[in-house]
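Trainee: Below are the sequence and a predicted model for it; my questions follow.
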Amino acid sequence: MEAQFTSPLLNNGQTCFLGTRILAPKSRYEEVVDAFTAFAGSLQVGVTSSPDTQIGPMATARQRERVESYISQGKNAGARITVGGNRPHDLDAGFFVEPTVFADVDNRAAIAQEEIFGPVLSVISYQDDEHAIQLANDSEFGLGGTVWTSDPERGAALARRVHTGTIGINRYIPDPAAPFGGVKNSGLGSELGPEGLASYQETQTIYL
């Protein structure tokens, strides 16, 4: 269960393949929101030299300002902050942003559609599997994703319908032996695996 919470916040949200757009079934929506809210609120924000730190700073002051601008956009779009949304009051030095969870997010809002690269999560409600697939594919990006389920076979069937270059079932751990790359506006080509070597190869055709 811990992986389900940590996969959206690796490297303080500054990782390309994170699942920061969380789709939750309408029947359990508040339960999911409460779980992520409690988790984000429990994280220790601090300097990276401390072994107790779980969320470190943004890479630059400019990046923190960018993340904060998205938080403002989310609020202005009508989404509800359940935890975070500010700079930590006890950290004067460093580019810190509190882990932030948004509920009641419209899938077309900027915080759901654009890459924030910060500790900001958007929880979006879906009606059924078809609606979830529609929402998942309604994005300009397609690098990675995850499906969380107690039925791995059903999860794999859903994963095949999500338009991403990579996707995990109940986890997301890139495999060096498999190609890693995205679709749509998420990068060009692939790396890793035998497919990732193709762009470095020079082929010759011999006709006899």
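Mentor: Yep, it's here.

Trainee: need the strands for this protein, in chain order.
Mentor: 21-25, 80-83, 100-103, 120-126, 141-142, 146-147, 168-169, 180-181, 183-184, 190-191 (DSSP state E).

Trainee: Put together CSV for the ones you listed, with mean neighbour count on each row.
Mentor: Using the backbone N, CA and C atoms, a C-beta is placed for each residue, glycine as well. Conversion of the strands of the chain to CSV gives the following (neighbours: other CB atoms under 10 Å):
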stretch, mean neighbour count
strand 21-25, 20
strand 80-83, 18
strand 100-103, 26
strand 120-126, 24
strand 141-142, 20
strand 146-147, 24
strand 168-169, 18
strand 180-181, 20
strand 183-184, 14
strand 190-191, 16
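
Trainee: out of the ones you listed, nearest to E114?
Mentor: E114 sits nearest to strand 141-142 of all the strands of the chain, at 8.7 Å, using CB to CB.

Trainee: so what secondary structure elements neighbour that closest one?
Mentor: Packing contacts for strand 141-142, counted by 3 or more CB pairs under 8 Å, 6 or more residues apart in numbering; DSSP states H and E, involve strand 183-184.

Trainee: circling back: between the strands of the chain, which one is closest to I206.
Mentor: Proximity to I206, assessed across the strands of the chain by CB to CB, is greatest for strand 190-191 (27.5 Å).

Trainee: any idea of the mean pLDDT in that closest one?
Mentor: If you average the pLDDT over strand 190-191, you get 86.

Trainee: Equivalent analysis for stretch 95-113, please.
Mentor: Rounded mean pLDDT across stretch 95-113 is 97.

Trainee: cool, and stretch 158-168?
Mentor: For stretch 158-168, the per-residue pLDDT averages 95.

Trainee: Could you export it as PDB, CA atoms only?
Mentor: C-alpha atoms of stretch 158-168 as PDB (Å, rounded to 0.1, in the frame of the first residue of the first chain):
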ATOM      1  CA  LEU A 158      -7.400  -1.800 -18.400                       C
ATOM      2  CA  ALA A 159      -3.700  -0.900 -18.700                       C
ATOM      3  CA  ARG A 160      -3.700  -2.000 -22.300                       C
ATOM      4  CA  ARG A 161      -6.300   0.600 -23.000                       C
ATOM      5  CA  VAL A 162      -4.400   3.500 -21.500                       C
ATOM      6  CA  HIS A 163      -2.400   5.400 -24.100                       C
ATOM      7  CA  THR A 164       1.000   5.600 -22.400                       C
ATOM      8  CA  GLY A 165       4.500   4.300 -23.200                       C
ATOM      9  CA  THR A 166       4.800   2.600 -19.900                       C
ATOM     10  CA  ILE A 167       2.400   1.500 -17.200                       C
ATOM     11  CA  GLY A 168       2.500  -0.500 -14.000                       C
END
